[in-house]
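Peer 1: Below are the sequence and a predicted model; questions follow.
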Amino acid sequence: MIDTKQIRESVATICQKYGEEYWRNLDKKKEYPTDFVKEMTTSGFLNILIPQEYGGAGLGLKEACVVLEELSLQGAHAGACHAQMYVMGTLLRHGSDKQKKEYLPKISSGELRLQSFAVTEPNSGTDTTSIKTMAKKTNDGWIINGQKVWISRVEHSDLMILLARTKPQGALPKKTDGFSVFLIDIEQAKESGLKIVKIDSMINHHSCELFFDDVFIPDESIIGEEDKGFRAIMDGMNAERILIASECIGDGKYFIEKSVNYAKTRKIFNREIGMNQGIQFPIAECYSQIEAASLMVDKAATLFDEGKKCGAEANMAKMLAADASWKAGTTAMETFGGFGFSKEYDIERKFRETRLYQTAPVSRNLILSYIAEHVLNLPRSF
Ligand SMILES: Cc1cc2nc3c(=O)[nH]c(=O)nc-3n(C[C@H](O)[C@H](O)[C@H](O)COP(=O)(O)OP(=O)(O)OC[C@H]3O[C@@H](n4cnc5c(N)ncnc54)[C@H](O)[C@@H]3O)c2cc1C
């Protein structure tokens, strides 16, 4: 039996050492939490999913969820470091023994950072099977051409997982065939012509545009089977949805805790604002929704850890948790009134951060569409 209470307490201790001022300042300067990420790695939390034989903790997605939930609950921005966990769904399940032996011990120790996951493209967006970035086979490797957008943390990572086409669109009967996944050394790719351009955005997520212009990567970069990369990337994406859902649970709990404390102490009309049902009911509703969403996150993580199908549960967990955290964020803004807008209280920072999860890594509409088609067998709409 894993002691998740101890994981929570240890993560909380690290977070408290940094404090919310740390995140506020990084947000202001748009800087990366290098020290925090290093400490989370060397303390064994960001490599929690890596098997013990490669230097990790060898725990499951359920425990990884506990780490990210606690980070968010403590006011940290888990988005700065979560990718190292969710890319493991792809690398652990589909990487070769050679790749695992070469990379996992270095990722575990912090010598190599794997924080970047490159799927989205400017002209395909949500329609992942329409991506255009192409990897063409040469004698000793692959030549990559194309463009990616919103690729987060790439400037703070040594390695990147890339989804590219290895067959032109329509060349194979199955829409999801013809894609391959690659593990790329970012420095080497830059030397071969990869251009990285920062995107100035609403939250401190360190996202960039990537331009691949005849970028060479060696043969051994491919993860899993050629043309069958969609399955490998989906294992990463299901893990990503569940882990992000757990961040939303943490965000939701953060907003609720802050709202409750503020509502108990802020006095207007000579009484605590928390005495008003107009203030307490929305907070109570958020609490119930976070608790309910948390059950779905737990169910999805359990299925994932058991190696069972979890697409529907991962999607539902992400949607329910993101909706609950967004509602809790809005409720916190209401509870704090004008002070919610002040940077000093951190509510507006977290409010911006949690808004992302209505849209990324998969939008709400696309989740509803998935459930309608794949769970309820309704006709395809696209
Ligand atoms: C801060 C940030 C960080 C990110 N980090 C990464 C990253 O590290 N790696 C990565 O690969 N990507 C990343 N993304 C990209 C993210 O996953 C995409 O933005 C997201 O999947 C939506 O794609 P899009 O922006 O192209 O929207 P679009 O596909 O253009 O969609 C726009 C809107 O139309 C809706 N829509 C589209 N088609 C339909 C339909 N058929 N039915 C109903 N509604 C529809 C969508 O739901 C959405 O609301 C990041 C994005 C952001 C903002």
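Peer 2: Noted; the coordinates are in hand. Numbering: from 1, shown residues only.

Peer 1: ok, whichever residue of the stretch 1-150 of the chain sits closest to the ligand to residue 147 distance?
Peer 2: Proximity of the stretch 1-150 of the chain to the ligand (CB to the nearest ligand atom) peaks at residue 125, 2.3 Å away. All C-beta atoms are positioned from the backbone trio N, CA, C, and that covers glycine. Taking CB to CB, to the nearest Å as the measure, residue 125 falls 13 Å from residue 147.

Peer 1: What parts of the protein come near the ligand?
Peer 2: Applying CB under 6 Å from any ligand atom, we find that the chain lies next to the ligand at 117-120, 125-126, 150-152, 201, 203, 205, 207, 356, 359-363, 365-366, 369, 382.

Peer 1: ok, of those residues, which come out buried?
Peer 2: 117-120, 150-152, 203, 205, 207, 356, 360-363, 366, 369 (16 or more other CB atoms under 10 Å).

Peer 1: ok, which stretches of the stretch 201-350 of the chain are strands?
Peer 2: 207-218, 222-223, 267-268, 271-272 (DSSP state E, counting those that start in this stretch).

Peer 1: Which residue of this structure lies farthest from its centroid?
Peer 2: The outermost residue of the chain relative to its centre, with distances by CA atoms, centre = their mean, is residue 270 at 43.8 Å.

Peer 1: Before we move on, what's the pLDDT of that one?
Peer 2: On pLDDT, residue 270 comes in at 98.

Peer 1: how far away is the residue nearest to residue 221 when sequence neighbours are not counted from residue 170?
Peer 2: In space, and not counting its chain neighbours, residue 221 is closest to residue 182: 4.5 Å by CB to CB, 6 or more residues apart in numbering. For residue 182, the distance to residue 170 equals 22 Å [CB to CB].

Peer 1: For these two, indicate the residue with more neighbours.
Peer 2: Neighbour count, other CB atoms under 10 Å: between residue 182 and residue 170, residue 182 has more, with 24 against 8.

Peer 1: Surely that one is in a strand?
Peer 2: Yes - applying DSSP: H, G, I helix; E, B strand; the rest coil, one finds residue 182 inside a strand.

Peer 1: Looks like it contacts residue 142 (just checking).
Peer 2: Yes - using CB atoms under 8 Å, residue 182 is in contact with residue 142, at 7.0 Å.

Peer 1: list residues touching both of these two?
Peer 2: 135, 217, 221-222 (CB atoms under 8 Å, 6 or more residues apart in numbering).

Peer 1: Specify which member of the residues you listed is nearest to the ligand.
Peer 2: residue 135 (15.9 Å).

Peer 1: State the mean pLDDT of the helix or strand containing that closest one.
Peer 2: Here residue 135 sits within strand 134-137, counting by DSSP states H and E. Strand 134-137 carries an average pLDDT of 98.

Peer 1: chain center to that strand, what's the gap?
Peer 2: 27 Å (CA atoms, centre = their mean, to the nearest Å).

Peer 1: Could you list the buried residues of that strand?
Peer 2: Along strand 134-137, these residues count as buried under the neighbour rule (16+ other CB under 10 Å): 134-135.

Peer 1: mind starting the numbering at 50 from now?
Peer 2: Sure thing, new numbering starts at 50, so read that last one as strand 183-186.

Peer 1: Note down every partner strand of the helix or strand that it is followed by and its orientation.
Peer 2: Moving toward the C-terminus from strand 183-186, the next helix or strand (DSSP H and E) is strand 190-201. Partner strands and pairing direction for strand 190-201 (DSSP bridges) are strand 183-186 (antiparallel), strand 256-267 (antiparallel).

Peer 1: where do the helices sit along this protein?
Peer 2: 53-78, 83-91, 110-122, 132-135, 137-143, 146-158, 235-240, 278-314, 326-354, 360-385, 396-404, 413-419 (DSSP state H).

Peer 1: No further questions, thank you.
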